[in-house]
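Asker: need coordinates for the below:
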Amino acid sequence: MFGDRLAQNFLCVIRIFLLLFCSVDRILHIMITTVRPEYTRRGIANIMTGRMLEVAASSRCSLVVAVSTSTFTQRNKINRFQFEKVIELDFENNYPNFSSMPEKTRKAHDKVCVLAKR
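Answerer: You can find the predicted model right below:
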């Protein structure tokens with residue numbers, strides 16, 4: 001995916017900050033939530049996210065962090081699962097190859113967001 005390295009570097013900085021300054025001792029990091037196109041619109045990503053939150057609770061994680069480039073996933077995690085947007089970084093101004101991305105991808109993945117849930 002375009003911008004994965006940028007997103008991962010971005011997350012590393014956030015995780016270090018959280019561990020050092022926010023009294024967080026255990027973090028569950030959701031790397032990617034995706035479903036093959038032929039299986040979308042069936043609630044599979046919601047089930048996966050719900051199960052990840054169950055794992056976090058049973059593992060006594062004090063924070064769940066997700067990095068998302070998909071506007072749909074960002075909205076879904078915020079509205080359905082009460083994640084909070086910690087930081088947002090737009091690709092157009094921060095990713096040098098943004099203009100070479102296909103237009104459909106640029107529209108659906110125009111920014112990277114770090115989302116968190118306590």
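
Asker: how about the helices in this protein?
Answerer: 4-21, 44-58, 71-81, 91-94, 103-108 (DSSP state H).

Asker: averaging pLDDT over each of those helices, which comes out lowest?
Answerer: Note on these: helix 4-21 shows the lowest mean pLDDT, a mean of 64.

Asker: can you count the residues close to Ala45?
Answerer: Counted by other Cβ atoms under 10 Å, the residues lying close to Ala45 total 20. Just so you know, the C-beta spots here come from the backbone N, C-alpha and C atoms, and that holds for glycine as well.

Asker: I misspoke; the intended subject was Lys85.
Answerer: Neighbours of Lys85 (other Cβ under 10 Å): 13.

Asker: same question, Ala108
Answerer: 14.

Asker: what do you get for Ser62?
Answerer: 14.

Asker: now do the nearest residue in space to it that is not next to it in sequence against Arg118, distance only.
Answerer: Of all residues not flanking Ser62 in the chain, Val24 sits nearest, at 5.1 Å (Cβ to Cβ, 6 or more residues apart in numbering). According to Cβ to Cβ, to the nearest Å, Val24 and Arg118 sit 9 Å apart.

Asker: same question for Ser58.
Answerer: 16 Å.

Asker: also Phe91?
Answerer: From Phe91 to Arg118 the distance is 28 Å (Cβ to Cβ).

Asker: pick out the residue nearest the middle of this protein.
Answerer: Val67 (2.4 Å; Cα atoms, centre = their mean).

Asker: roughly how far is stretch 110-118 from the heart of the chain?
Answerer: Distance of stretch 110-118 from the chain centroid (Cα atoms, centre = their mean, to the nearest Å) equals 5 Å.

Asker: and for Ile27, the neighbour number?
Answerer: Ile27 - counted by other Cβ under 10 Å - has 16 other residues nearby.

Asker: repeat for Gly50
Answerer: Neighbour tally, Gly50, other Cβ under 10 Å: 13.

Asker: do Tyr95 as well
Answerer: Tyr95, neighbours per other Cβ under 10 Å, totals 22.

Asker: same thing with the one 4 residues further on?
Answerer: Neighbour count for Ser99, taken as other Cβ under 10 Å: 9.
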